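Chemist: what shape does this take:
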Amino acid sequence: MPDLFQKNAILALRFFLTPSQGTFEALHQTRDYWQSFISDYQGDITLRDCILKTIDEGDENLLEPHVDYLRKLAQDPQALPKDDSQPKKQKPKN
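Modeler: Below you'll find the model as predicted:
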């Protein structure tokens, strides 16, 4: 069963892959989640900020730098961002 982080990341990926009013509205409904999202990983924080900007501007192209990570998250909720500055540890569940 996907966790909330994975579900919301999948919604962002869907908006990037098939931008439409429906996929944008679904992504927009995750705004409160992303505003309160906290992580030890800078890559996750960067993703969060990008998703919030995407929600504000409605531009799916802003997500392009994060597509590989979003695809990994769609397959595995424990996928880690490519961020060598962070310690190697298990990703916390939200």
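
Chemist: mind checking the longest helix of this structure?
Modeler: helix 42-57 (DSSP state H).

Chemist: now do the buried residues in that one.
Modeler: Of all the residues in helix 42-57, those buried under the rule 16 or more other CB atoms under 10 Å are Gly43, Asp44, Thr46, Leu47, Arg48, Cys50, Ile51, Leu52, Thr54, Ile55. The way it works is simple: take the backbone N, C-alpha and C, and place the C-beta from them, glycine included.

Chemist: now do it: everything it contacts.
Modeler: 8-9, 12, 15, 27-28, 30-31, 34-35, 37, 39, 60, 62-63, 65-66, 69-70, 80-83, 85-86 (CB atoms under 8 Å, 6 or more residues apart in numbering).

Chemist: quick one, the helix or strand that comes right after it and helix 42-57 angle?
Modeler: Remark: after helix 42-57, the chain's next helix or strand is helix 67-75, criterion DSSP states H and E. Per axes from the mean of the first three to the mean of the last three CA atoms, to 10 degrees, the angle that helix 67-75 makes with helix 42-57 is 100 degrees.
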